[in-house]
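> next come a sequence and a model predicted from it.
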Amino acid sequence: MEECKIEIAKEFSEKIGGRWIKLGPYSGEDFFNKLLKPKYLEAVNSNRKLHIYLDGTKGYGSSFLDQSFGQLSRDYGIENVRKNIEFHSQFFDWIVKYINEEIWK
């Protein structure tokens with residue numbers, strides 16, 4: 001069975017935007033609606049983990065992270081989201097730490 005994954009830089013954008021769609025392109029809201037939520041539900045419904053690949057972007061703002069990964073935890077519960085998502089990165093380990101310690105606290 002193929003891995004359920006999102007490669008953010010390839011599937012969304014190398015340049016990450018802000019919180020909301022109304023503030024410009026590639027927002028956390030847009031990422032949540034178009035990729036994160038549908039892929040998360042696909043993974044959960046097929047009893048798989050969702051693998052998130054963070055590398056390849058120019059960086060991540062806290063507003064983008066909160067509006068996407070924070071919204072996911074608000075909608076589906078922090079513990080459910082934590083057990084169903086696995087992050088992968090060589091360069092953004094601090095992002096994974098930030099999500100776990102600040103957004104999913």
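That came through, no problem. Numbers count the residues shown, from 1 in each chain.

> the strand or helix carrying Ala43 - what's its average pLDDT?
With elements delineated by DSSP states H and E, Ala43 resides in helix 37-45, which encompasses its position. When pLDDT is averaged along helix 37-45, the result is 98.

> send me that helix as PDB with only the CA atoms.
Output in PDB follows, covering the C-alpha atoms of helix 37-45 (Å, rounded to 0.1, in the frame of the first residue of the first chain):
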ATOM      1  CA  LYS A  37      -7.600  17.900   5.900                       C
ATOM      2  CA  PRO A  38      -8.400  15.700   2.900                       C
ATOM      3  CA  LYS A  39      -5.200  13.700   3.200                       C
ATOM      4  CA  TYR A  40      -5.500  13.400   7.000                       C
ATOM      5  CA  LEU A  41      -9.000  12.000   6.600                       C
ATOM      6  CA  GLU A  42      -7.800   9.700   3.900                       C
ATOM      7  CA  ALA A  43      -5.100   8.400   6.100                       C
ATOM      8  CA  VAL A  44      -7.300   7.900   9.200                       C
ATOM      9  CA  ASN A  45     -10.100   6.300   7.200                       C
END
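
> give the pairing partners of the next helix or strand after that helix; include direction for each.
Using DSSP H and E, the helix or strand that directly follows helix 37-45 along the chain is strand 50-53. Strand 50-53 sits in its sheet next to strand 4-7 (parallel), strand 85-88 (parallel), going by DSSP bridges.

> which of these sits closest to Glu14?
Judged by Cβ to Cβ, the one of the strands paired with strand 50-53 that comes nearest to Glu14 is strand 4-7, at 10.9 Å. Every residue, glycine included, has its C-beta placed from N, CA and C.

> which helices and strands does whatever helix or strand comes next after the closest one pack with?
Read in the C-terminal direction, the helix or strand following strand 4-7 is helix 8-11, with elements assigned using DSSP H and E. Judged by 3 or more Cβ pairs under 8 Å, 6 or more residues apart in numbering; DSSP states H and E, helix 8-11 is in contact with strand 50-53.

> quick one: average pLDDT of the strand it packs on?
Rounded to a whole number, the mean pLDDT of strand 50-53 is 98.

> can you name the element that comes right after it?
Scanning onward from strand 50-53 (DSSP H and E), the first element met is helix 62-65.
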